[in-house]
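Asks: here's my sequence, what's the structure:
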Amino acid sequence: MKAYLNLFDFKQKVNYKTEILSGLTVALALIPEAVAFALIAGLSPLTGLYAAFTIGLVTSIFGGRPGMISGATGAVAVVIVALAKSHGIEYVLATVVLAGLIQVIAGLLRLGKFIRLVPHPVMFGFVNGLAIIIFMSQLVQFKTTDASGVLHWMSGTPLYLMIGLVLLTMLIIWGLPKLTKAIPSSLVAILVVSAIVIGLSVDTRTVGDIASIKGGFPPFHIPELPFSLDTLKIIFPYALIMAGVGLIESLLTLNLIDEITESRGRGNKEAVAQGAANIVTGLFSGMGGCAMIGQSLINISSGARARLSGIIASVMLLVFIMFGSSLIEKVPMAALTGVMIMVAIGTFEWVSIRMIGKMPRHDIFVGILVAAITVLLHNLALAVLIGVIISALVFAWESAKRIRAKKYVDEQGIKHYEIYGPLFFGSISTFNEKFDVLNDPNEVIIDFKDSRVVDMSGIEALNKLTERYKNVGKTLHLRHLSEDCKLLLKNASSLIEVNVMEDPHYRVAVDKI
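Replies: Residues are numbered from 1 along each chain as shown. Purely as a prediction, here's the structure:
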């Protein structure tokens, strides 16, 4: 309990200047993303901004990964877009609250530990897919709307101007750290490009051209809808998917930041914080969300490592909404686009390309598949789930091929089978092929000293093999089986010979009825 109440590590050295400036940079980068995701979901821009504030603040204070930024995300927007169109904002807010409850329950049940089951190729695919999505989402800034409302690519001076400002932003972000790291390069790039555009009255798209961000403090609002079983049937499927997508993206982002910072976050605590944040944002007119990999990487790359940066980002975002909208709406989109493109470049695992030809083919396939599903379907949960399933099947197949048997007949005429490798559902067929029941001598010993019976399928295979020898009148001894295996081998209890001193002590995973 003490660990959960200890929200701030006062022993941690905090660079307050870095934390504050990083938080300010993140706040500026949050605005177009939150607005865009709200519009994708068919909601008001303020619902995305309110979500960015409330989720960012709650997770920054209570989350399990200091420095990670959360807010309104595209993954969540894609989930709720159909619900928003069919039932409206009230059902969306109720769904967000229910999703938050599910996430809190998942955290309290300590389900966050299962994120460790995600293989590294899936992580590569996840990160690379998100990097591509971040990059592709910026291309819309190079398009303009004609009189009929159709988007088409810019041309002529507007295009050259946009490209020039974006390249200038990227150049500053790339070059400034080589000179000094006193101020986050992303913040300097935004300020310099904004000063050029505003000072020289350059005609280019600004934040205000997307949508107005002016508003007040997020209003407390209990969703107005019938509290009935029919309502639950409508919102529960969306809430379950939202909770799953949010937790997967948040915990994978947490793992990524762990690798970058060479520290370890707390997945279950983060799951509870994400759930609490969604409950709060659903009651304060927000669209829901989860961890944001792009903004988190901006924060971490700017040097932030403590909770303060996330708190500053959230508070400054609210300040912009309430008091600074007229100024922030003048920030050119080219500056923010340049920042996000650099984030995409930094997010992409370029080492994964160099590993092609050096990694196993199935790992390369899984990484590419996860990235493709992420990019094409924007369904992170499905991409990760498919990646994990394929990796598990490949692992099972490879493990099944590793079961071997050394066979010999001793001077007493007893045939010995020494088993090597795991015995489980995938290796049963190969295991059975090792035995010649009809031609074996009258006494046979199967030694499991260098093998392990992993699951109930392996137990049942031993049971049937024992019956086969018994049916032809031969004596079978099973050596070095664990106590669990002996108890479950009902038909072979009188035939088991066990060396207690050398018996391995492990438990077999079985389903209890």
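
Asks: what about Ile235, distance to Leu98?
Replies: Distance, Ile235 to Leu98, by Cβ to Cβ, to the nearest Å: 6 Å. C-beta: built from backbone N, CA, C; applies to glycine.

Asks: for Gly357, that is, sorry about that
Replies: Separation of Gly357 from Leu98 (Cβ to Cβ) stands at 47 Å.

Asks: quick one: name whatever helix or strand follows the helix or strand where Gly23 lies.
Replies: In this assignment (DSSP states H and E), Gly23 forms part of helix 16-40. Next along the chain after helix 16-40, taking DSSP H and E as the criterion, comes helix 45-62.

Asks: where does this protein dip in pLDDT?
Replies: 1-12, 482-513 (pLDDT under 70).

Asks: just checking, what's the longest strand in it?
Replies: strand 443-453 (DSSP state E).

Asks: for it, C-alpha coordinates in CSV please.
Replies: Taking C-alpha atoms only, strand 443-453 is exported to CSV below (Å, rounded to 0.1, in the frame of the first residue of the first chain):
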residue,chain,number,x,y,z
GLU,A,443,10.5,-54.6,-19.9
VAL,A,444,10.9,-50.9,-20.9
ILE,A,445,12.1,-47.9,-19.0
ILE,A,446,11.3,-44.3,-20.1
ASP,A,447,13.5,-41.8,-18.3
PHE,A,448,12.3,-38.1,-18.1
LYS,A,449,15.4,-36.8,-16.3
ASP,A,450,16.1,-34.4,-19.1
SER,A,451,12.5,-33.8,-20.1
ARG,A,452,9.6,-31.9,-18.7
VAL,A,453,5.9,-32.7,-18.9
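
Asks: other SSEs contacting that strand?
Replies: Secondary structure elements in contact with strand 443-453, counted by 3 or more Cβ pairs under 8 Å, 6 or more residues apart in numbering; DSSP states H and E, are strand 415-423, helix 456-471, strand 475-479.

Asks: now the last one: buried residues?
Replies: Counting neighbours by 16 or more other Cβ atoms under 10 Å, one finds that the buried residues in strand 475-479 are Leu476, His477, Leu478, Arg479.

Asks: would you check that Leu382 makes contact with Ile373?
Replies: Yes: in this structure Leu382 lies within contact range of Ile373 using Cβ atoms under 8 Å: 6.2 Å.

Asks: between the two, who's got more neighbours?
Replies: Comparing Leu382 with Ile373 by other Cβ atoms under 10 Å, the one with more neighbours is Ile373, at 21 against 17.

Asks: can you pull the contacts of the more buried one?
Replies: Ile373 is in contact with Gly129, Asn379, Leu382, Ala383, Ile386, counting by Cβ atoms under 8 Å, 6 or more residues apart in numbering.

Asks: what do you get if the cut-off is 6 Å, keeping everything else the same?
Replies: Ala383 (Cβ atoms under 6 Å, 6 or more residues apart in numbering).

Asks: got JSON lines for the helices and strands packed on strand 443-453, with distance to Asp447 too?
Replies: Converted to JSON lines, the helices and strands packed on strand 443-453 look like this (distance: least, Cβ to Cβ, whole Å):
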{"stretch": "strand 415-423", "distance to Asp447": "5"}
{"stretch": "helix 456-471", "distance to Asp447": "13"}
{"stretch": "strand 475-479", "distance to Asp447": "5"}
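
Asks: what ranges do the helices span in the stretch 101-250 of the chain?
Replies: For the stretch 101-250 of the chain, the helices defined by DSSP state H, counting those that start in this stretch occupy 120-138, 156-179, 185-199, 207-210, 229-261.

Asks: among those, which is nearest Val104?
Replies: helix 229-261 (9.4 Å; Cβ to Cβ).

Asks: on contacts alone, who are the packing partners of the following helix or strand past that closest one?
Replies: In the C-terminal direction, the helix or strand that comes right after helix 229-261 (DSSP H and E) is helix 267-283. When contacts are defined as 3 or more Cβ pairs under 6 Å, 6 or more residues apart in numbering; DSSP states H and E, helix 267-283 packs onto helix 45-62, helix 89-108, helix 229-261.

Asks: picking up where we left off before, including distance to Met242, could the buried residues of strand 475-479 go into CSV?
Replies: Listed next are the buried residues of strand 475-479 as CSV, based on distance: Cβ to Cβ, whole Å:
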residue, distance to Met242
Leu476, 55
His477, 56
Leu478, 50
Arg479, 53
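
Asks: which among the residues you listed gets closest to Arg205?
Replies: Closest approach to Arg205 among the buried residues of strand 475-479 (Cβ to Cβ): Leu478, at 74.9 Å.

Asks: the closest one pairs with what?
Replies: Taking DSSP bridges as the rule, Leu478 bridges to Ile446, Ile496.

Asks: so which elements touch the helix holding Gly23?
Replies: helix 45-62, helix 74-87, helix 185-199, helix 293-301, helix 307-322.

Asks: tell me which residues in that helix are buried?
Replies: Going by 16+ other Cβ under 10 Å, helix 16-40 has these buried residues: 18-40.

Asks: with stretch 353-366 instead?
Replies: Met359, His362, Asp363, Ile364, Phe365, Val366.

Asks: what angle separates the helix or strand containing the fifth one from helix 74-87?
Replies: Put plainly, it is Phe365. Secondary structure from DSSP H and E places Phe365 in helix 361-377. With axes from the mean of the first three to the mean of the last three Cα atoms, to 10 degrees applied, the angle from helix 361-377 to helix 74-87 works out at 40 degrees.

Asks: what's the angle from helix 361-377 to helix 120-138?
Replies: 30 degrees.

Asks: just after helix 361-377, pick out the following helix or strand.
Replies: helix 380-400.

Asks: and whichever helix or strand comes after that following helix with strand 415-423, angle?
Replies: Downstream of helix 380-400, the first helix or strand assigned by DSSP H and E is strand 404-409. With the same axes, to 10 degrees as the basis, strand 404-409 and strand 415-423 are set at 170 degrees to each other.

Asks: helices or strands next to strand 404-409 in the packing?
Replies: Against strand 404-409 (3+ Cβ pairs under 6 Å, 6+ apart) you get strand 415-423.

Asks: count the neighbours of the spatially closest residue to Ile328 that is not a sequence neighbour for me.
Replies: In space, and not counting its chain neighbours, Ile328 is closest to Phe320: 4.7 Å by Cβ to Cβ, 6 or more residues apart in numbering. Per other Cβ under 10 Å, the neighbour tally for Phe320 reads 26.

Asks: Ser399 now?
Replies: Ser399: 15 neighbours (other Cβ under 10 Å).

Asks: ok, now Asn268?
Replies: By other Cβ under 10 Å, the residues close to Asn268 number 19.

Asks: so it makes contact with Gly107?
Replies: Yes: when contacts are counted by Cβ atoms under 6 Å, Asn268 is listed as touching Gly107 (5.0 Å).
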